[in-house]
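**Student:** Dropping the sequence and predicted coords here.
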Amino acid sequence: MLFALTSVIAAIVAVFWMFRLRIALTDSACRPGIYRMVNHPISRGDLVLACLPPELARLAQARGYLTRGPGCPDGIEPVGKRLGALPGDTVEVTRDYVTINGHRLENSATVSRDTRGRSLTHVAPGRYPVRRDHVWLFGTTDARSWDSRYFGPVPIRSVRAQLEPLVTW
């Protein structure tokens with residue numbers, strides 16, 4: 001029985017690896033479901049997997065926002081977020097909302113505490129031109145998302161793949 005169960009689990013893992021599938025269980029940037037990783041030229045609004053810079057990834061892991069997992073050099077799972085701003089765009093951050101090139105994002109007010117009541121730091125209010133080698137990532141499907149409102153832009157090379165939904169619930 002144990003052998004059969006182990007074989008089934010191994011087969012499922014092999015299928016996910018072979019077909020570049022990911023399971024999303026949070027709703028901060030997309031509906032929960034099964035997504036396929038693809039590599040196309042990136043564009044604003046894409047749902048992407050991105051590795052956070054090591055210091056941010058360790059903070060996210062320590063706070064329970066991310067866990068250990070495959071996909072990033074530091075062994076901490078990548079984030080799944082929407083590409084909100086690309087090189088050449090302008091991001092404006094206020095306490096009440098974020099705009100990209102003057103267009104206001106839904107659910108983009110910053111909050112001072114996370115869902116466990118811990119204090120959150122966020123990007124200082126202001127206008128930020130996006131540098132040629134950076135992007136801003138957002139999860140505005142859920143106002144509680146920990147994203148570029150709190151940690152700022154990330155290197156564009158951090159983007160590992162886009163995610164296309166196969167099955168969502």
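**Tutor:** Thanks, I have the structure now.
**Student:** In its sheet, which strands sit next to the longest strand belonging to the chain, and in what direction?
**Tutor:** When the chain is parsed with DSSP state E, its longest strand is strand 159-168. Its sheet considered, strand 159-168 pairs with strand 33-38 (antiparallel), strand 47-50 (antiparallel) by DSSP bridges.
**Student:** State whether Gln61 is indeed within a helix.
**Tutor:** Yes - counting by DSSP: H, G, I helix; E, B strand; the rest coil, Gln61 is found in a helix.
**Student:** burial of the closest residue in space to it that isn't next to it in sequence, as a residue count?
**Tutor:** Ranked by C-beta to C-beta, 6 or more residues apart in numbering and with sequence neighbours excluded, the top spatial neighbour of Gln61 is Ile76, at 5.1 Å. The way it works is simple: take the backbone N, C-alpha and C, and place the C-beta from them, glycine included. Using other C-beta atoms under 10 Å, Ile76 is surrounded by 22 other residues.
**Student:** Buried residues of the longest strand of the chain, list them for me.
**Tutor:** Val159, Ala161, Gln162, Leu163 (16 or more other C-beta atoms under 10 Å).
**Student:** before we move on, what about stretch 110-130?
**Tutor:** By neighbour count on 16+ other C-beta under 10 Å, the buried set for stretch 110-130 is Thr110, His122, Val123, Tyr128, Val130.
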